[in-house]
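Trainee: Structure, please.
(one chain, ligands or ions: 1)
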Amino acid sequence: MNKRSVLLLLACTTVSVYAQKGKKTSTTIKPKSEFVTELMGKMTVDEKIAQLVQFTADGTITGPKSGTNWVDEIKKGNVGSILNATGVDYTRKIQKMNLESSRLKIPILFGYDVIHGYKTIFPITLGETASWDLEVARISSEVAAAEAAASGVHWTFAPMVDISRDPRWGRVSEGAGEDTYLGSKMAFARVMGFQGKNLHDLNTILACTKHFAAYGAAEAGRDYNTVDMSERLLREVYLPPFKATVDAGSATFMASFNEIAGVPSTGNKWLMNDILKGEWGFKGFVVTDYTGMNEMIAHGYAKDEQHAGELSLNAGIDMDMVGAIYLKYTKKNLEEGKVTMAQVDDACRRILEAKYDLGLFEDPYRYSDAKREKTTIYKKEYLDAALAAANKSMVLLKNSNNVLPLKQTQKVAFVGPLVSDEYNIIGSWAASGDRYGYAVSVQEGVNKLVTDKNKVSFTKGVEIKDTKRDGIQAAINAAKNADVIVAVMGEFENQTGEAASQVNIDLPGIQKEFLAELKKLGKPVVLVLLNGRPLTLSWENENMDAILEAWYPGTMGGDAIAQTLYGVSNPSGKLPMTFPRSVGQVPIYYNHKNTGRPYLGASDPEQKYKSRYTDSDNSPLYPFGYGLSYSDFQYSNLILSTQKLSANGKITVSVDVKNAGAYDGEEVVQLYVRDLVGSVTRPVRELKGFNKLLIKKGETKTVTFEITPDDLRFYNIDMKFVAEPGDFEIYVGGSSDATLKNTFELVK
Ligand code: NOJ
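Mentor: Numbers count the residues shown, from 1 in each chain. From the prediction side, this is the model:
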């Protein structure tokens with residue numbers, strides 16, 4: 001039993017109970033296990049199966065059309081959960097309809113994709129991860145939970161913790177990027193944010209860790225595509241963020257659409273029963289992804305729906321999202337001995353326990369308070385938190401001649417398709433977030449900040465994808481009169497997210513041509529990017545004076561961009577994913593293997609028979625962990641407390657970081673380790689620690705990390721998770737390219 005369950009069990013005191021008759025009484029609700037056992041004792045097989053069934057309401061449709069009439073099914077008492085119904089009024093109506101038809105008055109659980117905010121939208125998850133700030137991640141999930149819970153939602157389908165090394169995959173925007181260590185820390189923080197200290201608190205919701213597993217490793221970055229990998233890679237790189245959320249108490253998991261080595265996750269007993277519920281001791285429930293069960297037929301793994309239902313229940317899948325298979329075939333599978341009653345009971349119990357934890361048996365309407373909904377949504381403190389998160393997410397990719405920050409005295413021409421955008425700026429999958437009239441555009445943010453409005457102009461010039469040229473001249477005219485040009489460009493929000501993979505990750509349309517026109521004016525050009533994936537920016541890097549990666553920064557995005565451009569906020573974000581020079585380098589990631597023929601670059605005496613491209617450098621354009629600041633951070637004195645690490649010892653690593661610049665600023669100090677020789681080869685470096693801290697101008701801070709043998713463990717040749725004695729290198733710096741180095745030995 002995890003800590004949360006113990007707390008909840010102890011917390012079962014006298015409360016106002018929504019009794020079986022449908023009226024409020026003040027009975028004492030029994031402790032969870034007793035309560036659920038008693039309830040299940042009264043339930044028929046059909047009623048138990050109903051708990052395993054989820055349908056979508058008519059809200060946002062987040063998958064293929066389902067043929068089922070969900071209202072009829074609720075009236076027949078066939079539904080345990082509904083997704084895509086939000087708002088107090090709507091969810092209350094559905095709950096009422098359910099309670100009127102449910103013999104035992106078992107409340108419906110409402111789920112929704114609350115990914116990076118509910119109404120107050122925070123930066124997309126990839127952007128927020130660029131903050132490398134765990135408190136930012138926790139708070140944004142906390143705010144999202146508070147708003148969603150006030151609006152009748154009990155359960156979010158987040159965090160998405162899929163590691164991905166492929167920017168072609170549209171869903172990289174929803175995750176924490178390419179690194180396991182950073183991704184695990186973020187995943188933990190997000191679950192803590194959504195679920196708080198106690199799921200019974202009215203401002204918390206159930207988290208759902210997704211997509212289990214390895215969904216981000218889809219071949220060629222094409223969504224829903226095949227995954228095949230060694231168990232070692234799966235366990236070392238892809239699974240740890242999932243495990244981190246189990247440690248954080250995540251209440252639910254979602255199976256991924258993909259197969260791994262020929263087995264679709266929805267039917268993967270090894271993943272669900274053996275690893276998740278067995279090895280990791282997960283006590284919550286597992287839901288399929290949208291029609292994931294039915295899709296096992298197309299995968300060629302199930303011969304028909306009944307078979308898919310059998311495979312899923314045997315694998316340890318507890319709830320069927322939208323597919324209607326559990327509803328239609330579980331009884332038949334029971335009768336034919338394909339599944340057991342113990343399996344149905346186990347799934348049902350897990351789901352009922354989650355409902356209990358939320359307090360739904362005490363009062364199914366406790367998340368249905370219209371007044372609370374009104375006073376909670378868009379609270380000032382939430383908007384402030386969203387602004388802080390957006391500011392911390394900005395990554396400064398280039399800043400020649402300190403063209404940034406802009407000065408109030410300068411005339412600035414703001415141009416580009418996203419300059420006054422209020423739609424795309426909050427990003428894809430922005431839950432119930434309002435766009436027009438709510439999201440702060442760059443134009444609005446700049447106008448709030450500049451003292452003399454005559455010094456700024458705003459002209460679009462071109463569209464995002466459209467190739468019409470008729471707007472260009474007006475923008476050029478405005479730019480001619482300026483001291484600096486700022487081009488706000490990027491992708492449509494729906495170019496990333498689900499089912500949004502691309503083979504081309506350049507700036508779309510004629511935006512680059514437009515930039516070339518602007519450059520001809522001979523003035524400094526700053527490029528501000530709104531997008532949800534690493535883009536290929538080689539030309540832009542050559543030709544632009546400054547580049548600011550703003551991602552989709554959310555409701556307060558325009559304010560954050562303006563504050564960053566004008567130096568009210570000093571950028572401190574670092575890339576959570578490698579930016580390639582060209583799409584041909586993909587998959588590209590910092591913690592790759594060395595190979596037997598590593599290419600040493602232009603100085604390598606052997607230029608041909610090396611692991612290299614003949615038409616491109618191997619190195620990325622911007623490495624993982626990279627990001628500039630208006631400050632100038634200098635690293636020195638990388639000292640280890642000992643050069644010999646014993647099996648139960650530790651090393652304290654210290655480094656001095658000086659802010660030699662003219663601005664106070666935050667730096668993300670990163671520590672990487674390389675294990676030089678192993679029973680299986682190890683990556684060229686791996687992130688093992690980071691610390692984001694404020695360093696005032698002129699100040700030097702000593703940053704320390706601790707390394708123990710536990711940090712050096714990996715799956716050895718016998719698939720044992722151990723640290724092998726031998727030599728290691730340590731690198732500390734402001735990116736994965738850090739050069740400051742020291743060494744130690746792990747001794748027996
Ligand atoms: C499909 C997506 O893959 C998943 O992330 C999402 O939670 C569900 N649809 C529900 O909308």
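
Trainee: Can you give me the domain boundaries for the protein?
Mentor: The chain breaks down into these domains under automatic domain parsing: 29-111+285-291+304-378, 380-585, 633-746.

Trainee: Out of those domains, the one nearest the ligand is which?
Mentor: Nearest to the ligand, of all these, is domain 29-111+285-291+304-378, at 3.0 Å by C-beta to the nearest ligand atom. Backbone N, C-alpha and C define where each C-beta goes, glycine included.

Trainee: got the end-to-end distance for that closest one?
Mentor: 34 Å (C-alpha to C-alpha, to the nearest Å).

Trainee: That one and the ligand, any residue contact?
Mentor: Yes. Using C-beta under 6 Å from any ligand atom, domain 29-111+285-291+304-378 reaches the ligand at 62-63, 83, 289-290.

Trainee: Among the residues you listed, name the ones in helices.
Mentor: Among these, no member falls in helices (DSSP state H).

Trainee: Now do the same contact list for the residue nearest in space to the middle of the chain.
Mentor: Against the mean C-alpha coordinate of the chain, by C-alpha atoms, centre = their mean, the closest residue is Gly175 at 2.9 Å. Applying C-beta atoms under 8 Å, 6 or more residues apart in numbering, one finds that Gly175 lies in contact with 125-126, 129, 160-164, 183, 216.

Trainee: Recalculate using a threshold of 10 Å.
Mentor: By C-beta atoms under 10 Å, 6 or more residues apart in numbering, the contact set of Gly175 is 124-126, 129, 159-164, 169, 183, 186-187, 210-211, 215-216, 241, 576-577.

Trainee: Mind pulling the model confidence for the residue lying farthest from the centre of the chain?
Mentor: The centre of the chain is farthest from one residue, Pro605, which by C-alpha atoms, centre = their mean lies 42.7 Å away. Pro605 carries a pLDDT value of 96.

Trainee: With Cys12 instead?
Mentor: pLDDT, Cys12: 41.

Trainee: ok, now how distant is the residue farthest from the centre of the chain from Tyr599?
Mentor: Applying C-beta to C-beta, to the nearest Å, the value for Pro605 to Tyr599 is 11 Å.

Trainee: cool, Ser81 as well?
Mentor: Ser81 sits 53 Å away from Tyr599, going by C-beta to C-beta.

Trainee: just Ser102 next, same as before
Mentor: Between Ser102 and Tyr599 the computed distance is 65 Å (C-beta to C-beta).

Trainee: The two - which one has more neighbours?
Mentor: Neighbour count, other C-beta atoms under 10 Å: between Ser102 and Tyr599, Ser102 has more, with 24 against 17.

Trainee: where does the nearest residue to that one once chain neighbours are set aside land in three-state SS?
Mentor: Once flanking residues are discounted, Ser102 sits nearest to Gly77: 5.1 Å by C-beta to C-beta, 6 or more residues apart in numbering. With DSSP: H, G, I helix; E, B strand; the rest coil as the basis, Gly77 sits in coil.

Trainee: contacting residues around Gly77?
Mentor: By C-beta under 10 Å, 6+ apart, the contact set of Gly77 is 44, 46-47, 50, 98, 100-104, 106.

Trainee: in the stretch 401-550 of the chain, which spans are helices?
Mentor: Assigned by DSSP state H, counting those that start in this stretch, the helices in the stretch 401-550 of the chain fall at 442-449, 472-480, 511-519, 538-543.

Trainee: Near the closest residue to Val446 other than its chain neighbours, how many other residues are there?
Mentor: For Val446, ignoring the flanking residues on the chain, the nearest one in space by C-beta to C-beta, 6+ apart is Ala562 at 4.5 Å. A count of nearby residues for Ala562, using other C-beta under 10 Å, gives 26.

Trainee: which other helices and strands contact the helix or strand containing Ala562?
Mentor: Element membership for Ala562, per DSSP states H and E: helix 557-565. Judged by 3 or more C-beta pairs under 10 Å, 6 or more residues apart in numbering; DSSP states H and E, the packing partners of helix 557-565 are helix 380-393, strand 412-415, helix 442-449, strand 484-490, strand 525-530, strand 546-549.

Trainee: now the fourth one, how far from the centre of its chain.
Mentor: Going back to what we said before, that points to strand 484-490. Put simply, strand 484-490 sits 27 Å off its chain's centre (C-alpha atoms, centre = their mean, to the nearest Å).

Trainee: what angle do that strand and helix 472-480 make?
Mentor: Between strand 484-490 and helix 472-480, the angle comes out at 140 degrees (axes from the mean of the first three to the mean of the last three C-alpha atoms, to 10 degrees).

Trainee: try the longest one
Mentor: Using the same axes, to 10 degrees, the inter-axis angle of helix 380-393 relative to helix 472-480 is 80 degrees.

Trainee: same thing with the fifth one?
Mentor: For the pair strand 525-530 and helix 472-480, the angle between their directions (the same axes, to 10 degrees) equals 120 degrees.

Trainee: quick check, distance from strand 525-530 to the centre of its chain.
Mentor: Centre-to-centre, strand 525-530 and its host chain are 24 Å apart (C-alpha atoms, centre = their mean).
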